[in-house]
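Novice: Sequence first, predicted model second:
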Amino acid sequence: MDGKQKIFELADISQVYLTRQYRFTALKHINMTVEEGDFVALLGPSGCGKSTLLRIITGLQQPTVGQVIYKDVPLTGINENATIVFQTFALFPWLSVLQNVELALEARGVPKNMRTPRALDLLDRVGLDGFESAYPRELSGGMRQKVGFARAMAVEPELLCLDEPFSALDVLSAESLRGDLLELWLEGKIPCKAILLVTHNIEEAVSLADRIIVMEKDPGRMVKEIRLDLKHPRDPQSPAFLRYMDEIYEALAGKTKARAIEAGGAPGEAGTIRLLPHVVVNSIATFLEYSYTHTSNTTDIFRIAEELGIDADETLMLTEAAEILGFATVDKGDITITASGQEFMDADILKRKEIFAKAVMELPIFKWMVSLIQKSAKKRLHREIILGALELEFPEKQANRLLDTLINWGRYAEVISYDDNTELIYSEAAQFAKKN
Ligand code: ADP
């Protein structure tokens, strides 16, 4: 087909969330175009603004700056041509499978006598014939999600948006539903012109999409656009597939240099303040062991993820933690264990704690927290006080997670101690200073 029709364009979209305490850039300068026949994946770690972007494209939210141009017309209000399938699709529990789909057809104004045959046809397409009279509670997660797809298709949207549609399913159901979706799409049985899939699963994006837009967070932005030159069915073990996986990890994991300097910046300090990755020390240690026991001390990040059976989000957070602590460096999708990382791995538990303490006390945010506690009259502070300070910089959920990480790392390092009952945080740093 020559001269493919443009479905929509995002023209320099930025989204800033303003609350009384903080100003948060969730999306910065997003530009992209989706054309007829495109299967595009928006890929990135949680918090990079994927859901925000979907809400903007479907008109549920107006961006702070920029606009959505849908078929050459700037979008104002709800986008009638787009439908979203969510992670857990809200079906009406008191309606049968058939009635759930018929309701979507009714909402679209399909005449009564045509609804049942159309609904039956849609259910047949997604492989649910025989389950028309079942109720949602009688279905498995994967089957419920198929009803969700059938309902979305009933609306015949030009643009079908899928927001992490497989991530609430078990591994096998997700795999089979991905196959079903792809088959329907490739055979032209889905009555829509383009699919936009939001995911944080790298392998899923490479298996399904023809184009991948890689996003990063803090602030949410596009870092790379990849056109995949792979025919279906795609073999996840083929060299070409693995090259794309590596390319994406490379884009997401970045390069250690400048990042570690910003990492863990203290509240109130100039420059970019980054969150610490939300991972516990035990996981970091296991991650390092897997990276370290490889034949060489440099390895592809995605291979460790595969071996550990963890998803990309977690892998990238662990990688970042190892970098921030100075235990590893990252370049071109490869992770290399540093001398200090090796020392940590080889040490016994007490020595490990010492090395870890040294590493965390290099981080401005730890110094900030410890000095805050030491300046207090009783050399202890309630969790809520530190949380309050962090909430001046981060949304509540992120501030809470950051504090959890600070407590977990700080306790392991014995830089602080924490009483779970009273929620008081004590400084142990004086002791730490003596030891060193
Ligand atoms: P993703 O879908 O990639 O996980 P989201 O779009 O849900 O990302 O969120 C992006 C960032 O914006 C997150 O840090 C989130 O906490 C923040 N955010 C989302 N909605 C709001 C809001 N209404 N007010 C303030 N911050 C928000």
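Specialist: The structure has been received and is ready for your questions.

Novice: Surely Pro93 touches Arg137?
Specialist: Yes. Between Pro93 and Arg137 there is a contact under Cβ atoms under 8 Å: 6.2 Å. C-beta: built from backbone N, CA, C; applies to glycine.

Novice: near the ligand, which residues of the chain show up?
Specialist: Residues of the chain lying near the ligand by Cβ under 6 Å from any ligand atom: 17, 24, 26, 46-52, 220, 395, 398.

Novice: 5 Å instead?
Specialist: Tyr17, Ala26, Ser46, Gly47, Cys48, Gly49, Lys50, Ser51, Thr52, Pro395 (Cβ under 5 Å from any ligand atom).

Novice: mind listing which of those residues are in strands?
Specialist: Per DSSP state E, strands hold the following members of these: Tyr17, Ala26.

Novice: mind listing which of the residues of the chain next to the ligand are in helices?
Specialist: Lys50, Ser51, Thr52 (DSSP state H).

Novice: Got a quick ChimeraX command for the buried subset of the residues of the chain next to the ligand?
Specialist: The buried subset of the residues of the chain next to the ligand, as determined by 16 or more other Cβ atoms under 10 Å, is captured in ChimeraX by this line:
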select :26,47,48,49,50,51,52,395
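
Novice: Dump the residues of the chain next to the ligand into TSV; add pLDDT and distance to Asp419 as well.
Specialist: As requested, the residues of the chain next to the ligand are exported to TSV (pLDDT from 0 to 100; distance: Cβ to Cβ, whole Å):
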residue	pLDDT	distance to Asp419
Tyr17	89	34
Ala26	92	35
Ser46	82	31
Gly47	85	30
Cys48	91	35
Gly49	94	37
Lys50	93	38
Ser51	91	37
Thr52	94	38
Pro395	83	26
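
Novice: What is the burial count for the residue nearest to Glu289 when sequence neighbours are not counted?
Specialist: Nearest non-adjacent residue to Glu289, counting by Cβ to Cβ, 6 or more residues apart in numbering: Met345, 6.5 Å away. Residue neighbour count, defined by other Cβ atoms under 10 Å, stands at 17 for Met345.

Novice: so how far is Gly141 from Met345?
Specialist: Using Cβ to Cβ, to the nearest Å, Met345 is found at 39 Å from Gly141.

Novice: Can I get the ones in helices among the residues of the chain next to the ligand in CSV including distance to Lys4?
Specialist: Compiled in CSV, these are given as follows (distance: Cβ to Cβ, whole Å):
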residue, distance to Lys4
Lys50, 24
Ser51, 27
Thr52, 27
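
Novice: Among those residues, which one lies nearest to Leu208?
Specialist: Within these, proximity to Leu208 (Cβ to Cβ) peaks at Lys50, which comes in at 15.4 Å.

Novice: check contacts around Ala26.
Specialist: By Cβ atoms under 8 Å, 6 or more residues apart in numbering, the contact set of Ala26 is Gln15, Val16, Tyr17, Gly49, Thr52, Pro219, Gly220.

Novice: That concludes my questions; thank you for your assistance.
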